[in-house]
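> Just a sequence and a predicted model for now, questions to come.
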Amino acid sequence: MRLQYLIRLPSRQAQLCKNLAFTTQFAQTRGFRASRRAQVVKPFLLADIGEGIRECEIIQWFVEPEARVEEWDKLCEVQSDKASVEITSRFAGVIKKLHYEAGDMAKVGKPLLDIDIQSDVKEEDLVGLTGPTIGEESSSQEGSSPGPSTNAPGSGRETAAPTNLKASTERAENIEKRGSDSQPETPKGKHASLATPAVRHLTKELDVDINEVHGSGRDGRVLKEDIYQFAKQRDTCGSQVTYTPSPFSVETTEQMESIVSLSNTQSQMFKAMTKSLFKPHFLYADEIDFSRLSELRTRLNKNLSKSQINDVVKLSFLPFIIKAMSLSLHQYPILNARVDEDPKTGKPVLVHRSQHNIGVAMDTPQGLLVPVIRNVSSLNVLSIAGELIRLQSLVETGKLSTRDLSGGTITLSNIGSIGGTYVSPVIVEKEVAILGVGRMRTVPAFGEKGQVVAKQVCNFSWSADHRVIDGATMARAAEVVKGFVEDPDSMVMHLR
């Protein structure tokens, strides 16, 4: 029948039909052999961000399930005890599942989210991104290894069609179900759960769940006005409900207790200080006369008021103290070292470090942070002041990087800026000494001729690791710092 039909056609059309018949037969026997496009749901693992960090707090998500992302798009922002880091995607795809909510602690090496990778990628890149998954090898073998019916004519078409039909039916049912469920609600944009840090801070103050707020911004982003409007409507509706006082508002003779979880910064500080207190501390304190340094600072600030240098408008005492510490470390490098263990012998050793990276403890709304001024020995007082200004501005905006918060070799804690005369500071991990600076105060004292004069004094409190530093070494190093602070002109001879 086929030959008769072809004979009746013109020769050109008959040849075309033969070619079509041959192509169809070839496809049935050989199957389609084009390169497979990677469309597989894979877990996206939280990579190691260094400094021995094992967990991070999820600050905010930039994506949500079913949202499409492109290569290098931001996925989320995480915060450790060191800094906040934005995690980006290495591949294009569709987000399928978020394994954590904002505020949860994510473990390094564990999945952050599931992503349907929809791009041509290499298998080794997938393994490097997501790591091996259970059953991955067997499932790939099942999909690639030919079975008994693979080489049979028409097997490729017959096996693929039911699968595609089933997938299409499921997608249609899901779309229809989502459409019927979401009709009463106003659809949210792709970025409905995204907001600026200021907006998220406002949600915490007003106790508002951002996922319940319909944003009026671009792509459904939530704005401050949306938060205020939502809180106003909630409070209006809540005022009609009978108010139930909390247990603490009722007078009772029994002690009431409530459990409050530690913040991420508090949790990291708990772990770090617990490790630090295994070191045997000893305290050395002395009183420092700041009178001459105060006079020098006053003269320098007059010049800076006329023409500022390195964005420095006014000098504080802190840059001078930091520079004095660095000058003393040249004479007593053991204070800049750290205690470690020899991997070959297992015995404790001292690791000396060439750069003076001095950490400065700062009080922030999130808790205690210790940003680091690097290579202080190569900086002058104005450069140190400029670095302090830069770090303080980053602290206020919450933009400190991991590098700003790591690599310290010795620490200074200026507790006197808040109050207090004496302090017993705790040595930071991987360091052997720390200086605590008390509050500046004016006291009566005797001058060179026996007259009563006013002096500005401050107490320095040193803590040192008594396993490797003895009291005499700490006292001599403290005297060097004291000499530079009480006679700041002598610093000029040692500046590089």
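It's in.

> where does the stretch 51-200 of the chain have low pLDDT?
Along the stretch 51-200 of the chain, the model assigns pLDDT under 70 to residues 51-52, 81-83, 118-198.

> rerun that using 50 as the cut-off
Applying pLDDT under 50 to the stretch 51-200 of the chain flags the ranges 120, 132-169, 171-172, 174-186, 189-191.

> elements contacting the strand or helix carrying Arg299?
For Arg299, the host element (DSSP states H and E) is helix 291-306. Judged by 3 or more Cβ pairs under 8 Å, 6 or more residues apart in numbering; DSSP states H and E, the packing partners of helix 291-306 are strand 452-465, helix 471-486. Where you see a C-beta, it was placed from the backbone N, CA and C, and this is true even at glycine.

> what mean pLDDT would you report for that helix?
Regarding helix 291-306, the rounded mean pLDDT is 91.

> And that helix, what's buried?
Neighbour-count burial for helix 291-306 flags 293, 297, 300, 304 (criterion: 16 or more other Cβ atoms under 10 Å).

> Now the phi/psi pair for the nearest residue to Pro43 once chain neighbours are set aside, please.
Leaving aside its sequence neighbours, Pro43 sits nearest to Pro111 (Cβ to Cβ, 6 or more residues apart in numbering; 3.5 Å). Torsion angles at Pro111 (phi, psi; degrees, to the nearest 10) stand at phi -70, psi 130.

> on that earlier part again, out of the helices and strands packed on helix 291-306, which one sits most buried?
Highest mean neighbour count among the helices and strands packed on helix 291-306 (mean count of other Cβ atoms under 10 Å): strand 452-465, with a mean of 19.

> Note down every partner strand of it and its orientation.
In the sheet, strand 452-465 lines up against strand 281-289 (antiparallel), strand 433-437 (antiparallel), strand 441-446 (antiparallel) (DSSP bridges).

> between those strands, which gets nearest to Ile415?
Ranking the strands paired with strand 452-465 by proximity to Ile415 (Cβ to Cβ) places strand 433-437 first, at 5.8 Å.

> Between helix 471-486 and that closest one, find me the angle.
Interaxial angle of strand 433-437 relative to helix 471-486 (axes from the mean of the first three to the mean of the last three Cα atoms, to 10 degrees): 40 degrees.

> mean confidence score for strand 433-437?
Rounded mean pLDDT across strand 433-437 is 96.

> Please apply the same query to stretch 352-360.
95.

> same thing with stretch 461-473?
Mean pLDDT, computed over stretch 461-473, is 94.

> Now do it: everything it contacts.
With contact meaning Cβ atoms under 8 Å, 6 or more residues apart in numbering, stretch 461-473 is reached by 279-285, 332, 334-335, 337, 339, 348, 350, 422-427, 431-438, 474, 478.

> Pro111 versus Leu277, what's the distance?
Distance, Leu277 to Pro111, by Cβ to Cβ, to the nearest Å: 35 Å.

> partner residues bridging Ile410?
Going by DSSP bridges, Ile410 forms beta bridges with Ile358.

> Let's see the pLDDT reported for it.
Per-residue pLDDT puts Ile410 at 96.

> Same check on Ser377?
pLDDT recorded at Ser377 is 93.

> In CSV, could you pull the C-alpha coordinates for the helix holding Arg299?
Only the C-alpha atoms of helix 291-306 are listed here, as CSV (Å, rounded to 0.1, in the frame of the first residue of the first chain):
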residue,chain,number,x,y,z
SER,A,291,48.4,65.2,81.4
ARG,A,292,51.1,65.6,78.7
LEU,A,293,49.3,63.5,76.2
SER,A,294,46.1,65.6,76.8
GLU,A,295,48.1,68.8,76.1
LEU,A,296,49.5,67.4,72.9
ARG,A,297,46.1,66.1,71.8
THR,A,298,44.6,69.6,72.3
ARG,A,299,47.3,71.2,70.1
LEU,A,300,46.8,68.6,67.3
ASN,A,301,43.0,69.0,67.4
LYS,A,302,43.4,72.7,66.8
ASN,A,303,45.3,72.1,63.7
LEU,A,304,42.8,69.4,62.5
SER,A,305,39.9,71.8,63.0
LYS,A,306,41.5,74.0,60.3
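
> That helix relative to strand 452-465, how many degrees between them?
90 degrees.

> tell me how far helix 291-306 is from the chain's mean position?
Helix 291-306 sits 39 Å away from the centroid of its parent chain (Cα atoms, centre = their mean, to the nearest Å).

> that older thread, so of the strands paired with strand 452-465, which one's packed in deepest?
Buried most deeply of the strands paired with strand 452-465, by mean count of other Cβ under 10 Å, is strand 433-437, with a mean of 26.

> what's that strand in contact with?
Counting by Cβ under 8 Å, 6+ apart, 321, 325, 335, 410-416, 423-428, 458-465, 469, 474, 481 sit against strand 433-437.

> Could you rerun that using 6 Å?
With contact meaning Cβ atoms under 6 Å, 6 or more residues apart in numbering, strand 433-437 is reached by 335, 410-416, 423, 425, 427, 461-464.

> Looking at those residues, which two lie furthest apart in space?
Pairwise distances across the contacts of strand 433-437 (Cβ to Cβ) peak at 21.1 Å, for the pair Leu335 and Gly416.

> When these two are compared, which one has more neighbours?
Counted by other Cβ atoms under 10 Å, Leu335 and Gly416 do not tie: Leu335 has more neighbours, with 26 against 20.

> that older thread, any idea how far the residue nearest to Pro43 lies from Asp73?
18 Å.

> More neighbours: these two, which one.
Counting neighbours by other Cβ under 10 Å for Pro111 and for Asp73 shows that Pro111 has the greater number, 20 against 15.

> can you redo the strands paired with strand 452-465 as TSV with distance to Ile210?
TSV is the format used below for those (distance: least, Cβ to Cβ, whole Å):
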stretch	distance to Ile210
strand 281-289	44
strand 433-437	40
strand 441-446	47
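
> which ones are touching Leu206?
Going by Cβ under 6 Å, 6+ apart, Leu206 touches Ala231.
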